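[1] What would the 3D arrangement of this be:
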Amino acid sequence: MGSLLYTIIIGAVIGVLARFFKPGADPMGWILTIVLGIVGAYIGSLIYAGGGFIGFVVSILCAIVLLFLYEIVRRKTVRTA
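    Numbers count the residues shown, from 1 in each chain. A predicted model of the protein is given here:
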């Protein structure tokens with residue numbers, strides 16, 4: 001149970017920091033922000049398995065890339081509707 005809570009907290013921190021550093025408005029709720037952070041952290045750990053501060057930065061960068069991809073997908077679905 002502790003590891004699940006830790007994953008949610010780290011995902012929230014990474015997601016919030018990614019949204020803070022990425023320019024522009026990102027209309028998404030807290031749950032999607034946490035999911036974004038968790039996925040960014042997972043991809044970041046696949047890219048850089050060393051952990052520590054550099055691993056944290058890589059995770060934030062991965063989450064920022066995911067935010068850009070989310071924005072592209074969201075823009076395409078809104079235009080077709």
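
[2] what's the longest helix along the chain packed up against?
    In terms of residue count, the longest helix belonging to the chain (DSSP state H) is helix 52-80. If you count contacts as 3 or more C-beta pairs under 8 Å, 6 or more residues apart in numbering; DSSP states H and E, helix 52-80 packs onto helix 2-21, helix 30-47. C-beta: built from backbone N, CA, C; applies to glycine.

[3] Point out the most buried one among those helices.
    Highest mean neighbour count among those (mean count of other C-beta atoms under 10 Å): helix 30-47, with a mean of 18.

[4] Could you check the angle that one makes with helix 52-80?
    Put simply, helix 30-47 runs at 130 degrees to helix 52-80, going by axes from the mean of the first three to the mean of the last three C-alpha atoms, to 10 degrees.

[5] average pLDDT across helix 30-47?
    Here helix 30-47 scores 90 as its mean pLDDT.

[6] Next, the angle helix 2-21 makes with that helix.
    100 degrees.

[7] Please tell me how far L46 sits from Y70.
    19 Å (C-beta to C-beta, to the nearest Å).

[8] same question, C62
    Going from C62 to Y70 by C-beta to C-beta gives 13 Å.

[9] With neighbour numbers in mind, choose between these two.
    Taking other C-beta atoms under 10 Å, C62 and Y70 do not tie; C62 has more neighbours (24 against 14).

[10] isn't the more buried one right up against I43?
    Yes - counting by C-beta atoms under 8 Å, C62 does reach I43; the two are 4.4 Å apart.

[11] which stretches of the chain aren't confidently modelled?
    1-2, 78-81 (pLDDT under 70).
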